[in-house]
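Undergrad: got a predicted structure plus its sequence, pasted below:
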Amino acid sequence: MDIVVVGAGYVGLVAAASFASLGCRVYCVENNENKLKQLETDTIDIYEDGLQELIQQGIRDGRLSFHPKLSDVLQSAQMIFLCLPTPSVKHGIADLSSLLHVCEELGAAIEQDTLVVVKSTVPAGTTARLERVIRDAAARHGRQVDFDIAMNPEFLRQGCAVQDFLHPHSVVIGARDNRAADRLARLYASCLHNPVIQIMSPVEAEMAKYASNYLLASRVSIINELANLCEAVGADIASVRNVVGLDPNIGNGFLNAGIGYGGSCFPKDIEALIKTANTYGLDVPIMRAVQSVNDRQKQRLVAHIIRRFGNDLAGYRFAVWGLAFKPGTDDMREAPSLDVIHALSALGASISAYDPAARRKAQMLLEGTSVEMAADKYEAVLHADALLILTEWEEFYEPDLAQLKERMRQPLIYDGRRVLKNAQCRTSRVELIQIGAGRDHD
Ligand SMILES: NC(=O)C1=CN([C@@H]2O[C@H](COP(=O)(O)OP(=O)(O)OC[C@H]3O[C@@H](n4cnc5c(N)ncnc54)[C@H](O)[C@@H]3O)[C@@H](O)[C@H]2O)C=CC1
Ligand SMILES: O=C(O)[C@H]1O[C@H](OP(=O)(O)OP(=O)(O)OC[C@H]2O[C@@H](n3ccc(=O)[nH]c3=O)[C@H](O)[C@@H]2O)[C@H](O)[C@@H](O)[C@@H]1O
């Protein structure tokens, strides 16, 4: 099967490299010149386990290539996957401009029998709108083509994106007619191992994607609210979570308390869902609460620090371990670390930060703050009044506490991701303040 993937970002690159590894011939289109230059020399600007190797393999095998223009490769494909960004703009509306632009281009050149597949996360009704855009553009160019369109939302998680793509929990296909659904279902059935394929209408597929991110994000906000209550009553949310997580009706996924969710999707998708609801005249108080609990949670550690050090942090130095919005990625989009660092920096603190993957992307976003980037985790803690753990990278789980004590002004750790063991810190006489751990729990 020959396919085109438009957009070489987190989803597009993973989709392109994975389809190539599954035997497809993939033409990947990207309009960012710098990205494209890098890709032509086999390198990517994304930290994602196994992705670089998969791309190199695809290029070596002659199954994967990168191109600046859709029109150059359109004739080569029977399917076109749109993996374009849909960021939040103007009070949470999803920005569909890239998709609309590419669909205009498609209308001018699309061939008979092509299947257009929308992989981007898009608000209810967008797939139908994109279909109209392609049809109208084709008509304006005097062409009457009969193409298919399907909505095929992506459920991968960054950090294990390739594995998620190759072994999805389900493949969702939203299509108006059987022909489009069957074509896409046949592709997945031919290259994945026993995929669970669910066929529905495009608007149901669009809603299923938002519903999934909303429910996951709401679990994070619920556990964080409970964690704050545990802190107040002297309980540990970790014990509480272990109990509720064993109830099969609850399950233990997405119940890690911390400093809130971030990333390119949860924040923008919940905004977009609220916006859609409002457009239909619906108020959605639970969705709004999920969002506002998360906004507050990102300031939770800062509140602890102010309680201890006061409002004026000039002269204090804080070390930060972890900047990316989650481990396993260099993605800094909506990372809670940004909120924490901006708040501390605004109060006059100096900050030394370390992240195994996100240093370069973080540096660009933190220009103008008082942050210095450290080369490793022990350099970061030098002369620090406290250490803040903001992303749960594996290398933070068992630090050399003796070395920390030697380097820091005082052995104080704010653990925003429940990475450290209380007993270990107690033995080493390191003070540990953890999200969701009340002072009386031990
Ligand atoms: N990042 C993730 O983990 C997931 C993202 N999604 C959804 O997938 C979509 C894409 O997300 P990401 O890959 O994270 O975005 P991204 O921003 O990483 O990638 C989008 C790529 O498209 C390129 N692009 C923009 N306009 C273009 C055009 N006209 N022609 C060619 N290339 C163009 C950009 O330069 C960029 O490289 C979004 O709707 C997102 O909500 C869905 C599931 C997971
Ligand atoms: O649409 C998307 O982009 C994707 O969004 C999330 O994936 P991702 O953003 O890669 O990361 P998650 O592992 O879901 O974590 C999101 C945020 O929630 C936080 N989180 C997650 C789980 C948890 O228990 N506690 C918690 O605070 C993480 O630290 C992170 O900041 C979903 O898990 C994917 O199913 C979805 O495809």
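TA: Happy to help now that I have it. Residues are numbered from 1 along each chain as shown. Ligands and ions are numbered 1, 2, ... in the order given.
Undergrad: so which helix or strand takes in residue 174?
TA: Under the criterion DSSP states H and E, the helix or strand holding residue 174 is strand 171-175.
Undergrad: let me know whether that strand sits next to ligand 1.
TA: No. Counting by CB under 6 Å from any ligand atom, no contacts exist between strand 171-175 and ligand 1, the nearest distance being 11.6 Å. From N, CA and C alone the C-beta is placed, and that goes for glycine too.
Undergrad: now do residue 91 against residue 121, distance only.
TA: From residue 91 across to residue 121, the span is 18 Å (CB to CB, to the nearest Å).
Undergrad: the more surrounded of those two?
TA: Here residue 91 and residue 121 are compared on neighbour count by other CB atoms under 10 Å; more neighbours surround residue 121, at 24 against 9.
Undergrad: do you know how far the closest residue to residue 125 other than its chain neighbours is from residue 153?
TA: Spatial nearest neighbour of residue 125, excluding adjacent residues (CB to CB, 6 or more residues apart in numbering): residue 203 at 6.2 Å. Spatial separation of residue 203 from residue 153 under the definition CB to CB is 12 Å.
Undergrad: between those two, which is the more surrounded one?
TA: Using other CB under 10 Å, the more surrounded residue of residue 203 and residue 153 is residue 153, with 21 against 17.
Undergrad: pretty sure the more buried one is in contact with residue 207, am I right?
TA: No. Residue 153 lies out of contact with residue 207 (CB atoms under 8 Å); the separation is 9.6 Å.
Undergrad: how about the contacts made by the residue of the chain at minimum distance from ligand 1?
TA: For the chain, the residue positioned closest to ligand 1 under CB to the nearest ligand atom is residue 9, at a distance of 1.6 Å. Residue 9 makes contact with 46, 83, 85 under the criterion CB atoms under 8 Å, 6 or more residues apart in numbering.
Undergrad: ranking these by neighbours, who comes first?
TA: Neighbour tally across these (other CB under 10 Å): the maximum, 25 neighbours, falls on residue 83.
Undergrad: what sits against that one?
TA: Shown here is residue 83, whose contacts under the criterion CB under 8 Å, 6+ apart are 5-7, 9, 11-12, 15, 119-120, 154.
Undergrad: do the same with residue 163
TA: Listed by CB under 8 Å, 6+ apart, the contact partners of residue 163 are 49-50.
Undergrad: how about the secondary structure of it?
TA: Reducing the assignment to helix, strand or coil with DSSP: H, G, I helix; E, B strand; the rest coil, the entry for residue 163 is helix.
Undergrad: quick check: residues of this structure near ligand 1?
TA: In this structure, the chain approaches ligand 1 at residues 6-12, 29-32, 35, 83-86, 98, 101-102, 120-121, 154, 156, 158, 264-265, judged by CB under 6 Å from any ligand atom.
Undergrad: select only the buried ones of those residues in ChimeraX?
TA: Buried residues within the residues of the chain next to ligand 1, by 16 or more other CB atoms under 10 Å, are selected in ChimeraX with:
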select :6,7,8,9,10,11,12,29,30,31,35,83,84,85,86,98,102,120,121,154,156,158,264,265
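Undergrad: next step: the residues of the chain next to ligand 1 restricted to helices.
TA: Residues of the residues of the chain next to ligand 1 located in helices (DSSP state H): 10-12, 35, 98, 101-102.
Undergrad: just to revisit the earlier point, now the common contact residues for residue 203 and residue 153.
TA: residue 174.
Undergrad: number of residues surrounding the residue nearest to residue 256 when sequence neighbours are not counted?
TA: Nearest residue to residue 256, sequence neighbours excluded (CB to CB, 6+ apart): residue 418, at 6.6 Å. Around residue 418 there are 20 other residues, counting by other CB under 10 Å.
Undergrad: same thing with residue 112?
TA: Counted with other CB under 10 Å, the burial measure for residue 112 works out to 9 neighbours.
Undergrad: roughly how far apart are it and ligand 2?
TA: Using CB to the nearest ligand atom, to the nearest Å, one obtains 33 Å as the distance from residue 112 to ligand 2.
Undergrad: hmm, that residue is touching residue 146, no?
TA: Yes. Proximity of residue 112 to residue 146 meets the contact threshold set by CB under 8 Å, at 5.9 Å.
Undergrad: no more questions from me, cheers.
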